[in-house]
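Trainee: just coords:
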């Protein structure tokens, strides 16, 4: 048991198949508006977690590589200081949190984010009446004119923390009620979630091992000094002289 | 107390300073929580959620799921962590079942057609009326001894729904055919020949060190992708030595993208390659164990030098794959998809699966584990589907007026059959078409009578997986919510499919010989037989406890009940060369499953909006074409292309060049082009299945759906491809800080 939490994730891209199971699980959990054809055409589709695909080479010596990208919950988040109304701020559990009812839609944060994981609601979200039955009552539906992004499914953290406190139980590492929706969905276990402040948690151990010299850990665009809470594990390609990537 | 101006300013300055200090210490956190709806403040009352276990059998694969239900509404699907096949992970298809449940275009009551066929004009009728209409039509055939003029077409249905369906058709003497757009027939015929059983074995990818796959896009759409993805994760990083994946395919699929080595072969030559690998092993390793496989003389003509040219790979590559295969401790060979979708499909797959005998991996860790039979007599996995040829014959019979009543459940053959069969004319010749569809699809749209079945979240069922976990198991499906249209009363709304059949049989005075008045009772009474076996993972001293246990856990399984015997197998036979429709056409058409399955998931907006793994395209039908070929032909992304096979048919789709497409091939996703199917799929994109040549598998008459060639022409039109990837070139990146970092993995 630790006094304070620092939530984070480890993403093993050597396990990821690019199946997009996480993407749809996130949309279901977080009441993300349906991305219609015109939203893709306008480049305004919303995906809090996405799979990016990169090409290398061409037929017949060709590779395609996949990487899941979500909000990195930066320790030094470029999105935070630019918000004039403190709608985006760092909470005391290491997460970058978006307060929807403060947001006035300047979109400065989206400009500041190097990972392109912040999304602006250009329209009032719409669902046919019957599909509204599926909406998650724990998650606010965002209105037109405000920003949204991956919250590490903060509603699950809140609910499971509250329930474990109520029942006087210790919240186990890897508890499926605590895990974000994407993590539970991932069949190949590419995504692992947990508390970096707990030295015994799976993510802490993975991070410690992975960040040693010669091991597979890295942070996305770590040269920017964003100090992310998401650790990636490198793709392994035994055939490649390529040892760098994209 | 009166304040002087100076005192006032001092106080204000102090409090402002205090506020700054306050914030710097991080104290306003609690305040911010209160302001933050996503963080759920303490005083916000949230509902109580319940998670119910059930089974998803859509699309032919079995996935154990748990559904989060709040205030009677299903909110979220997750994988059942106890289910032997997926152990907690789940597919996008399972998640999107929520949208099927609450789809705005669900049919909310029985309907009878009032306008012309296909006009979509229907009138609601009561269940009493609907069942009376069906039973009187069937009764007329019964009394005139024309029972065989009633035909039931369903998806391949196993479990207890399959049992009720079989009893229903048997008692009425109606014919029953199982339909799949992309048949697993070829696969099952080959498996029967090679492993002695037509159920799909468990591939222990988790513990393999080499997976050699041929055509099967097993990480994306083939058989049981969630289960295989689970194995893939362990295969890559679960052990000290990272497994190697070699994928042989004539298209660059998602599995090819994940492979360490993608071996591009000419379409339909996958079996030749498998034979050639065996030839290398038998000649260079004279003591190679071929198990019961008799290869005498069969392999001689498949030496790499003889066949490399036809396959389209180098002799060295064949030797290298054979070398990798023979040096692995736990190799697995599997095949399917396009490798089985040629005129020589069954032969291809027989050769491919025979490699497992060479590897002697049957029943071993990291190998191929055969599945035991179902614990219930008479309740098994889904039967093999009927072949394309049989459906072609059925269409001819329909045209000849020999089918009077056609009943259809979850089988959209009006969509999936090629236009050469002219299913429209066939359906027009049937006086009564009855659909049990809960949503419109192409076939339901021409039905005269619709008896809408429950969504599977509202209904009972059991599931004996076709591709089981290598030991005996049966999944349980239970209603997780009350029927959505319950408010319409018991004479309207939807009903469980098996219950509809049982009610119809009752009205007709037929005894189905089932143990129970309702479908739930039938399942519950059969569960007693399971309980009496006194084995499996649910231990209880009362049946009530056992029943609750199987429902809570999502099923019953006995990990110790496995197949021990190595089956007798047929001798290895030769593999013929594939034949194609339209040899003068320029490109091989490679239809493939993207995000919409065989088209049955096209009504679900999450899946429509889910980017295709390779192209990132959504919502449309596109044509994968080699980027250099496209450039030579002056084709750019979004150009509307006409795809013309030699049979004179044509579809239009959007050009989507990419660098991985073989120059002589075009890839086109299956799933769009529905005449009807609700607001998210009707009239969208094109149906590639409709223009295929009716080339058949030489052994079992299945459609060789990858055996069509076509020419491609531009139309001058352009439509923006709705895709997820960016439209501008990527920014150059710092050479030391890449998005995807790669290591040669010396230590892994």
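Mentor: Everything's here; your move. Being a predicted model, the structure only gives us computed values, none of them experimental.
Trainee: Now do the phi/psi pair for the residue nearest the centre of chain A.
Mentor: Centroid check for chain A by C-alpha atoms, centre = their mean gives residue A:70 as the closest residue, at 3.2 Å. Main-chain torsions, residue A:70, degrees, to the nearest 10: phi -140, psi 180.
Trainee: Enumerate every residue touching it.
Mentor: Residue A:70 makes contact with A:9, A:26, A:48, A:49, A:50, A:117, A:150, A:182, A:230 under the criterion C-beta atoms under 8 Å, 6 or more residues apart in numbering or on different chains. Quick note: C-beta positions are derived from backbone N, CA and C, even for glycine.
Trainee: the helices in chain A, which residues?
Mentor: Ranges of helices in chain A, per DSSP state H, are A:21-29, A:37-41, A:108-112, A:154-166, A:181-185, A:202-210.
Trainee: For those helices, give me CSV that also has mean neighbour count.
Mentor: Shown next, in CSV, are those (neighbours: other C-beta atoms under 10 Å in any protein chain shown):
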stretch, mean neighbour count
helix A:21-29, 27
helix A:37-41, 18
helix A:108-112, 17
helix A:154-166, 17
helix A:181-185, 27
helix A:202-210, 17
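Trainee: And those, which one averages the lowest pLDDT?
Mentor: Set side by side, these give their lowest mean pLDDT on helix A:154-166, at a mean of 89.
Trainee: Show the secondary-structure elements that that one is packed against.
Mentor: Helices and strands touching helix A:154-166, by 3 or more C-beta pairs under 8 Å, 6 or more residues apart in numbering or on different chains; DSSP states H and E: there are none.
Trainee: how many degrees apart are it and helix A:21-29 in direction?
Mentor: Put simply, helix A:154-166 runs at 70 degrees to helix A:21-29, going by axes from the mean of the first three to the mean of the last three C-alpha atoms, to 10 degrees.
Trainee: residues in contact with helix A:154-166?
Mentor: Here helix A:154-166 has contacts from A:7, A:93, A:95, A:97, A:136, A:138-139, A:170-171, A:175, A:177-181, B:38-40, B:42, B:46, using C-beta under 8 Å, 6+ apart.
Trainee: What distance do you get for residue B:125 to chain A?
Mentor: Separation of residue B:125 from chain A (C-beta to the nearest C-beta, to the nearest Å) stands at 22 Å.
Trainee: residues near that residue, how many?
Mentor: Close neighbours of residue B:125, defined as other C-beta atoms under 10 Å in any protein chain shown, add up to 20.
Trainee: check contacts around it.
Mentor: Contacts for residue B:125 (C-beta under 8 Å, 6+ apart) come out as B:109, B:110, B:111, B:112, B:133.
Trainee: where do the helices sit along the stretch 301-450 of chain B?
Mentor: Residue ranges of the helices in the stretch 301-450 of chain B, as given by DSSP state H, counting those that start in this stretch, are B:304-311, B:315-327, B:345-358, B:388-399, B:413-416, B:423-428.
Trainee: picking up where we left off before, chain B next: which of the contacts of residue A:70 are close?
Mentor: The subset of the contacts of residue A:70 within reach of chain B, by C-beta under 8 Å from any C-beta of the partner chain, is residue A:50.
Trainee: Quickly name whichever of the contacts of residue A:70 is closest to chain B.
Mentor: residue A:50 (7.1 Å; C-beta to the nearest C-beta).
Trainee: quick one: stretch B:431-438 near chain A?
Mentor: No - with C-beta under 8 Å from any C-beta as the criterion, chain A is not reached by stretch B:431-438; the gap is at least 13.1 Å.
Trainee: Would you mind listing the buried residues in that stretch?
Mentor: B:432, B:433, B:434, B:435, B:436, B:437, B:438 (16 or more other C-beta atoms under 10 Å in any protein chain shown).
Trainee: got those as a markdown table, with pLDDT columns?
Mentor: Listed next are those as a markdown table, based on pLDDT from 0 to 100:
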| residue | pLDDT |
| --- | --- |
| B:432 | 97 |
| B:433 | 97 |
| B:434 | 97 |
| B:435 | 97 |
| B:436 | 97 |
| B:437 | 95 |
| B:438 | 95 |
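Trainee: and of the helices of the stretch 301-450 of chain B, who's closest to chain A?
Mentor: Smallest distance to chain A across the helices of the stretch 301-450 of chain B (C-beta to the nearest C-beta): 10.5 Å, for helix B:315-327.
Trainee: For residue A:132, which non-adjacent residue is spatially closest?
Mentor: residue B:102 (7.9 Å; C-beta to C-beta, 6 or more residues apart in numbering or on different chains).
Trainee: Quick check: that neighbour touching residue A:130?
Mentor: Yes - taking contacts as C-beta atoms under 8 Å, residue B:102 lies within contact range of residue A:130: 4.7 Å.
Trainee: Now for the two: what residues contact both?
Mentor: In contact with both residue B:102 and residue A:130: residue B:484, using C-beta under 8 Å, 6+ apart.
Trainee: neighbour count winner among these two?
Mentor: Ranked by neighbour count (other C-beta under 10 Å), residue B:102 and residue A:130 place residue B:102 first, with 22 against 16.
Trainee: Give me the below-cutoff pLDDT ranges for chain A.
Mentor: Within chain A, the segments meeting pLDDT under 70 span A:1-2, A:240-246.
Trainee: Which parts of it are strands?
Mentor: Assigned by DSSP state E, chain A shows strands spanning A:7-12, A:50-58, A:61-69, A:88-90, A:96-98, A:118-120, A:147-149, A:191-195, A:217-218, A:230-233, A:235-236.
Trainee: Give me the sheet partners of the first one and which way each runs.
Mentor: When you say that, I think you mean strand A:7-12. strand A:191-195 (antiparallel), strand A:230-233 (parallel) (DSSP bridges).
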